[in-house]
Every structure is written in structure tokens, then in C-alpha cells.
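Chemist: Please find the sequence and the predicted model below.
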Number of protein chains: 2
Amino acid sequence: MQLSFYLRLDLMNMKVCKFGGTSVATADQIRKVVDIVTSDAERKIVVVSAPGKRFSDDVKVTDLLIRLGEAALSGAETDPHLERVLSRFREITDELGLSTDISSEIESDLRDRLSNDKEDSSLYMDTMKAAGEDNNAKLIAAYFSLIGCDAKYINPKDGGLLVNDRPQRVRALSEGDERLAKLREESGLIVFPGFFGFTKDGTLRTFNRGGSDITGAIVAAAVGADLYENFTDVDSVFAANPTVIENPVPIKTMTYREMRELAYAGFSVFHDEALIPAFRKSIPVCIKNTNNPNAPGTLIVKERDYNEQQVIGIAADSGFTAIYVDKFLMNLEIGFGRRLLQIFEEEEISYEHTPSGIDNLSIIIRTRFLTKEKEERIVGRIHKELEPDAVIVEHDYSMIVLVGEGMQYTTGLAARAATAIAKTGANIEMINQGSSEVSLVFGVKVQDETKILKELYKEFFVKSYVKS
Amino acid sequence: MQLSFYLRLDLMNMKVCKFGGTSVATADQIRKVVDIVTSDAERKIVVVSAPGKRFSDDVKVTDLLIRLGEAALSGAETDPHLERVLSRFREITDELGLSTDISSEIESDLRDRLSNDKEDSSLYMDTMKAAGEDNNAKLIAAYFSLIGCDAKYINPKDGGLLVNDRPQRVRALSEGDERLAKLREESGLIVFPGFFGFTKDGTLRTFNRGGSDITGAIVAAAVGADLYENFTDVDSVFAANPTVIENPVPIKTMTYREMRELAYAGFSVFHDEALIPAFRKSIPVCIKNTNNPNAPGTLIVKERDYNEQQVIGIAADSGFTAIYVDKFLMNLEIGFGRRLLQIFEEEEISYEHTPSGIDNLSIIIRTRFLTKEKEERIVGRIHKELEPDAVIVEHDYSMIVLVGEGMQYTTGLAARAATAIAKTGANIEMINQGSSEVSLVFGVKVQDETKILKELYKEFFVKSYVKS
């Protein structure tokens, strides 16, 4: 009997679902989550965020917890902050008809955390911040049980979510995977809190970025899920930014590489790096809407038939700076480019592109990496170490990225794009094509970004559009 | 009297003219040179090459001298080689009606050189090779005198053409400039041999590349010439390669930068680096035809009004290799690009372009820098030192370069070019725009080069061409 039971589980498809903050912000939202999960027997592991915003001016529970922790660290009064957190949870438990024991447990948990050792403020804050996800997972597991589902909360320490001990860059350790994989063998539903894991010596650490998305991806990868469903509050990823393009077409299927390129240039529906653990194991990812679960969403896979659609999306991001270096006979100086890049490396600035002429080279970087002092120091170093004829710094560049798997092999695509841009009267400051097969990048002035985006969208997505 | 004489010289415009090998290959050609020089009183300094080819299968005197020198070094018989050199000069002196003393002097000079110390074979060969220019300059000076011109031969040692002592990279030293500048004060015509100079300790060294062109440019710069006329055997520089495009339009005026970009991508009318000493001092350079001196030629200047013509020329060069490196999350690794370039630097390979995607980077280099072993070693090092997901080497790239000062500011130019390329059905493998304001580079497959060049020429130079 035991054997056949295991076999059955192994043969069954299995989905890991992650629900973001707005999906678990209220009792009503949590009921939707429960409906979604119970409507599909393959949905086996549920990763949850802390309760997010209920309305646009609302404060997320995680942010309330940060205020609470900071008050505790600074020796200020903590009770009003604690009460705000508790009232958010109480509102949910009351409306869901959960036992008041849950609220008491949450209060007791928070008071425990508050009384932790404060010597390492970073560790202290990590423990405080993680309380949102952790208690919400317990709460949601309790609600599943209340409505008769076989569900249990699993703590990341018990589950095996091991992380490294680099506070600046917390990452999951593969050593935890074997234990995490066993989650597949658990009977019933598992509710797992997002956002944090434990180091080998049992210290709680939160992920720096990507929060619950990354927990879901790690778990989905470790258990070898057939699908990782990332529930958020949009129906799908769109082909262009909906605040610029009215009703852009949804993307039904795209590849990991396409997603990376889109996310790079400003697509912020999800945090792309967070999904990487899933990509590494070739787990398909589906972006879906908790508030409209029947919409197909956007499926992100390893490969797609790119003959169907050459350009899948157009992204744009401002905030780039070009540092132009000109030196007569530069191309005869072996090592010039390397020495220039080394200056940026030593200043800990990663660069995006390095378009080059015969006697000149530009370094395109994200402006946010520069302070005025850093910029002056870099320009000074270039002058001193490379003795160029000129160094010119230009801010206010935008990068417009056409994304599509295999587009490099589509004859005439660059011509169509450049012609669309020319139509706006804008000038192309930079074109980068040649390494990636997935994107074509145009550097433009930030003031031209919107009109170019609109014209490119027309060219590649508005089918009835008649070319002039 | 003396004072007013100097003043007059200083006020008069002054041209340095250089005549290449074919321009001084025969008595008839030398008569043309003399006619050209004497027809313009401003032509004050004449730099000459060794006699070049008289017909396409002919052997240049410099190559005959190399054979002679190599025979001497290897202990082989030298007389037949010496006789071939002497007969070339004798043919010229006889036809010009010069005294037989000149031929005797040349023979005596060559025998002197042959008897030089052979311990340093490189120095020995330099002295042999330089004999062509040196004796031709003496010969031509004698002919000017014969027809009644006040002309004299000046040896680079006396003239002040000082060079460094790096046999692999012989360059003029600016310390010689003061002495060279005094050439301006000499009365009468000066005939100066090209191709060689002397180190500070009096050792003769030939220039590695650029021969007489570079001597002319150095002298023109040092004397502050108003114009450096570079006489060769074509009427002008053309907007495209005449072996591909029938009767391409001549370029009347272009800038130094435009010339650099064209020369880089295969324009071989002259050796662009050779002209650099003139550019550094902002001396205008005119490319003219000895056989058609009334043709206006091509004037190369520091600045031109680029509103008149956006694209001045289209160059194409094959023989490029792309090394594509792909690594997931590459853009998070600060220093990845620098470390990649360092491998090429350590292998002493200069690179041309580095187009980049999010997770990938290509290095475009000239294929001639690679041997099979070097390529394998580089690919091996990239795998070992950078642990990429993939390294792909693709040979047989051509670079097509549209050149024109200020073209980056011309809206729609990239679109016109990309559309013309699309019309050929060829695929664009790479586009590089963004650093240089003077060029737009397309990487294409070598088999598409000719048809693309033709289509681009039609687009930018054939005015009556009706767009489809």
C-alpha cells in the first residue's frame, strides 16, 4: 500500500504556487487563494507573502514590521507599532472566522522576536521582517484546515531552505535541495512562508530582493515541480508598458531569455532574478492573476517556436549615462579598452554596453551607480591613466529594447525598427546588435523615449496599421 | 637684403609634395614630376620614393634591393641582383640625359652598402632597402639641376629626420623637428628621400609601414607646410571601392577622421597612419594623380561642412571573426568583460568591437591575428577562466562601414542603411553605432558583402535612384 501511494504521488503532476502581497492582503483575497488552490489537485505547495496593501495608500505589513523593529532598536515605544501589525492580522483572522488562538499566537511570536538579542541589528531586523510571511503562512494553513483541507504550515528551517551567510547577497544553498525535495512526499497541502531561509547554524536571513518570488522558485526547483505558478495582480505580462501604450497585447508564452531581456529594460511585473532557480532547472513559470485566475496568464518556458512572433515585447528604461572617450590612434593601443573597463571595475560599477569607433569608445552605465564625486573621480582617472584626447559624459539616455527569440535572423527587422524611430523625428544615439540573439537595443535621448515606444509598438503589434 | 629674403619666404605659401613609386618609376614619369613641381612655385620640398613598378608584373626597386641584401646575407652571389638594380637606375639616367657619373655614384653607393657589417641583419637590410629612395632622390635632384632648377638633395641625417631605436615600430622623434623646420629657410628646391631616418647615434632605420608617405607627412608637419600633396596614381579617393562599384563618385573633401574610418575598413589608396604627423599639426593633405595633375584630387582637412553630404564614403572589409561568449547572469559579474578583454590583451590581439547583450558578449577581431593554435588557446582560456555557458567562434564576417562626419545627428540615416541592406535579403549580424560620430558599422556575412555594398552605394550616392 505504502509503495503504491508513493508511486501515485510521483506520477501526478505537481504545481508550486506563490501568492504575492496583494493576493493575501485581506480575508477576501485569502478566500480567492484558497479557491484557486483547491480547484486544482496538482497545486500542492503554496508559498505566501506577508499581507500587502489593501488600497494604494495602505502600508504593507512588512513595512509596519520594519517600523516596529526600528523603534525597538532605537529604544522608542514599540506598542503602537505592534498594535498596527496585530490589527492587520486580527482583521484577517476575524473575517475568516479563525480561532482567536491564532491571533494570540501571532502576538506571542512577535513579542518573542521583539525580545531577541539586538547586538546585530541586521539579524534583528531580518527576524522582524520575516514575521509577516511566517505568521501569514501559519494563518493561511489554519484556514485551509478550517475549511476541511489537509494542509500544514512548514517552516523553512524544517523544510530545508538553507541560505548562505552573506548578508549583502543572501542566496539559497543547493545543500538544502535534498531536504526540500522531500516536500514532494508530504501528504496534503503545504503552506510555506516566502522571503526567508536559515543559514547552516540556524540563523534566519531574509532575501535581499525578490522576496516570496525567490522562495517559490527555489522550492519549485528543488521539488522538480511541473509548473511554478506565480500569482500576482495582473492578468499577464504585456508586450509593452501599459502606462505608455493603451491596452497592450498580452504575452502568452515567452522564453526565459526573453524575460531576462524585458526585465532588464524596465519590465517590473516580477523580479526576474528571483525566478532564476526555476529557470536553472527548466521549470516552466506561469504568471497569473489571483483576481482573474481563469485568464491564461503568461507562460515562461525554455524554448518556444519563434517563427510565430519575432518581436515579443518592447521595453524601455531611462537612467543611463554614456561616457565617451576619444583618443587618436586608440585602436593601436592594445589594452586600452581593458584598462578603461578596469577603472569602472575598481569603482565597482558594472557597465551595460561599450559601443566603439576606430579612435573612440563609449561606456554605457546606469546613472544610479554614479554620484557626482564618483563621476568626477572616474573622469579624472581616465584622463590621468589613459591620456585621452577627450572624455565626454552624457546623462539622460534611455535604452529601448526590442525583444524576441531568434530576431537576429529576421531579415529587415532592424530596418523596420530604425525606420519607425526615424518617423518620430528622434535621433538614434546608439544601436547595439550583434551578441544577443534575443534583443536589439537602441540608445535614445530620454525625452524621445515615449514617442519612440509608441511608434515601435505600432510597427510591431498593431496589425491593422498601414505603413505610410 | 637677407632679412627681406627671409620675410618673403615666411609669407609665401609652401607645399610639400610626395611622389610615390609609380610616379618615379621611369624617366617619363620623373619628367611629369618635374613639370608638376616647377609649375607651382609653392612646391618647395619634394619627397620621393624608390622607382616602383613600370608595368603590373614589374618588380619594384625596393624589392630588388631586398633580394640583393638577402643574397649578401646568405653568402649567395650578389652580382646578378646588383646588376638588376643598377640597370633600373641606368635606364632612367640614360633617358633623362644625366651624366654617367650619376650611375657610377649609385653603383659605388650600393657596393659600399653591400660591404657593410652584417652582424645585425636587420640593420643591414634597412641600409640596403633605403638605397632605392636615397639614390633616386640624388638622381632626381640632379635632373632638376640639369634643366636649370635650383634644387638640391638633402639626406635625412643632415635634414634632421630623427627616429627612435625600436626596430619593430620605427617612429619619428619630435626632437628632430627643429632642424627639419629649417628646411623652410633653404633656398631653392629640396629633394628628400622617403622611407628612412636616423637614430640619435646615426643608425639608419626604415619605417615599418607607410614608406615615403610618412616621410612626407613628417617633413610637412615640421616645416608647417600649408599643404602636403601626396601624389600617387589615382585621380582621387572614391566614395566606394572601384573594383566593386563602377565609376564611384570621387571624394572632393573629407576630414582626417573620415579618412581614418575609411582606411580602417579597406580603403588602401594610401596608408592612413602615415599621414598622422600631418594631421597632428592640422596640415591639409591633398591626394593627387601624377598622371593627371589637373584633376582636383581629394583634399583631407580637419573640418568640413558636413551638412553638404552626410555619407562621404562606404568601405567594406572582410576577414573578421566574432567570438561569442554566453553566461547566464553575466551582467551581475562585475569585471567579466574586463577579464575577457584581458585574455585577448595577453594574447596580444587587439579587438575591434564588443557588442553586448544582457547575458552575452561578443569580441570582434581581425581573423589574421588568429592562428588555429591561438584560437584554441583563447577559447580554452575563456572556458577555464570565465566558466561561460557557451563560447562560439564564427569566422567570415565582413564589416561594412558608412562614413560621414556628423552622420550620427542625421535622423533616419540608420533606417535608410538598414532598409537598403534588408532589400538585398542579407541578414545584419551586428550593428555598431554609438561612440563614433563618423561611422556606422554593420557586420555581415562575407558572402553578402558585395551586394550590400552595391545597394548602399545606390541608396546614398545614386541620386536618380527611385526608391521602391
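Modeler: Alright, I've got the coordinates.
Chemist: The residue of the stretch 251-400 of chain A found nearest chain B and B:Ala316, how far apart?
Modeler: For the stretch 251-400 of chain A, the residue closest to chain B is A:Gly357, as judged by Cβ to the nearest Cβ, at 2.5 Å. Glycine gets a C-beta too; all of them are placed from N, C-alpha and C. Look at A:Gly357 and B:Ala316: by Cβ to Cβ, to the nearest Å, they are 17 Å apart.
Chemist: higher neighbour count, these two?
Modeler: Neighbours per residue, other Cβ atoms under 10 Å in any protein chain shown: of A:Gly357 and B:Ala316, the larger number sits with A:Gly357, 27 against 22.
Chemist: The closest residue to A:Ser121 other than its chain neighbours: what secondary structure?
Modeler: Distances taken as Cβ to Cβ, 6 or more residues apart in numbering or on different chains place A:Leu73 nearest to A:Ser121, at 5.4 Å, with adjacent residues excluded. What DSSP: H, G, I helix; E, B strand; the rest coil gives for A:Leu73 is helix.
Chemist: Spit out the contact partners of A:Leu73.
Modeler: A:Lys118, A:Ser121, A:Tyr124, A:Met125 (Cβ atoms under 8 Å, 6 or more residues apart in numbering or on different chains).
Chemist: Take those and lay them out in JSON lines including secondary structure and distance to B:Arg171.
Modeler: Below are the contacts of A:Leu73 laid out as JSON lines (DSSP: H, G, I helix; E, B strand; the rest coil; distance: Cβ to Cβ, whole Å):
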{"residue": "A:Lys118", "secondary structure": "coil", "distance to B:Arg171": "68"}
{"residue": "A:Ser121", "secondary structure": "helix", "distance to B:Arg171": "61"}
{"residue": "A:Tyr124", "secondary structure": "helix", "distance to B:Arg171": "65"}
{"residue": "A:Met125", "secondary structure": "helix", "distance to B:Arg171": "62"}
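Chemist: Need the pLDDT of the residue of the stretch 251-400 of chain A closest to chain B.
Modeler: At A:Gly357, the model reports a pLDDT of 77.
Chemist: State the number of residues packed around the nearest residue to it once chain neighbours are set aside.
Modeler: Taking Cβ to Cβ, 6+ apart, and ignoring the residues beside it in sequence, A:Gly357 has B:Ser436 as its nearest neighbour in space, at 2.5 Å. If you count neighbours by other Cβ under 10 Å, B:Ser436 ends up with 26.
Chemist: Spit out the contact partners of A:Thr253.
Modeler: A:Thr253 makes contacts with A:Thr298, A:Leu299, A:Ile300, A:Val301, A:Arg304, as judged by Cβ under 8 Å, 6+ apart.
Chemist: Need the max-distance pair from these.
Modeler: A:Thr298 and A:Arg304 (11.7 Å; Cβ to Cβ).
Chemist: list residues touching both of those two?
Modeler: Joint contacts of A:Thr298 and A:Arg304 (Cβ under 8 Å, 6+ apart) are A:Thr253, A:Met254.
Chemist: which parts of the stretch 151-300 of chain A sit against chain B?
Modeler: Contacts of the stretch 151-300 of chain A with chain B, taken as Cβ under 8 Å from any Cβ of the partner chain, map to A:Arg257, A:Arg260, A:Glu261, A:Tyr264, A:Glu273, A:Ile276, A:Phe279, A:Arg280.
Chemist: Of those, which is the most crowded?
Modeler: Of these, with other Cβ under 10 Å as the count, A:Glu261 tops at 29 neighbours.
Chemist: so where's the stretch 1-150 of chain A uncertain?
Modeler: Within the stretch 1-150 of chain A, the ranges that satisfy pLDDT under 70 run A:1-11.
Chemist: now do 80
Modeler: Along the stretch 1-150 of chain A, the model assigns pLDDT under 80 to residues A:1-12.
Chemist: Now do the helices in it.
Modeler: With DSSP state H, counting those that start in this stretch as the criterion, the stretch 1-150 of chain A has helices at A:2-11, A:27-38, A:61-74, A:79-96, A:100-114, A:121-146.
Chemist: List the contacts of the fifth one.
Modeler: Just to be clear, that refers to helix A:100-114. Residues from elsewhere that reach helix A:100-114 (Cβ under 8 Å, 6+ apart): A:68, A:72, A:78, A:82, A:85-86, A:89-90, A:93, A:127-128, A:131, A:134-135, A:138-139, A:142.
Chemist: And the nearest residue to A:Lys18 once chain neighbours are set aside, how far from chain B?
Modeler: Nearest in space to A:Lys18, with sequence neighbours left out and distances taken as Cβ to Cβ, 6+ apart, is A:Gly216 at 3.2 Å. Using Cβ to the nearest Cβ, to the nearest Å, A:Gly216 is found at 19 Å from chain B.
Chemist: ok, A:Gly216 - how many residues close by?
Modeler: Other residues near A:Gly216 come to 33 when the count uses other Cβ under 10 Å.
Chemist: after the helix or strand harbouring it, next one along is what?
Modeler: In the assignment (DSSP states H and E), A:Gly216 maps to helix A:211-223. Using DSSP H and E, the helix or strand that follows helix A:211-223 in sequence is strand A:227-232.
Chemist: Give the pairing partners of that following strand; include direction for each.
Modeler: strand A:15-19 (parallel), strand A:285-289 (parallel) (DSSP bridges).
Chemist: Deepest-packed of the ones you listed, please.
Modeler: Comparing the strands paired with strand A:227-232 by mean neighbour count (mean count of other Cβ atoms under 10 Å in any protein chain shown), strand A:15-19 ranks first with a mean of 28.
Chemist: Pull the distance from that strand to the chain's centre.
Modeler: Remark: strand A:15-19 is offset 15 Å from the chain centroid, using Cα atoms, centre = their mean, to the nearest Å.
Chemist: Taking helix A:27-38 as reference, get the angle to that strand.
Modeler: Angle of strand A:15-19 versus helix A:27-38, following axes from the mean of the first three to the mean of the last three Cα atoms, to 10 degrees, is 170 degrees.
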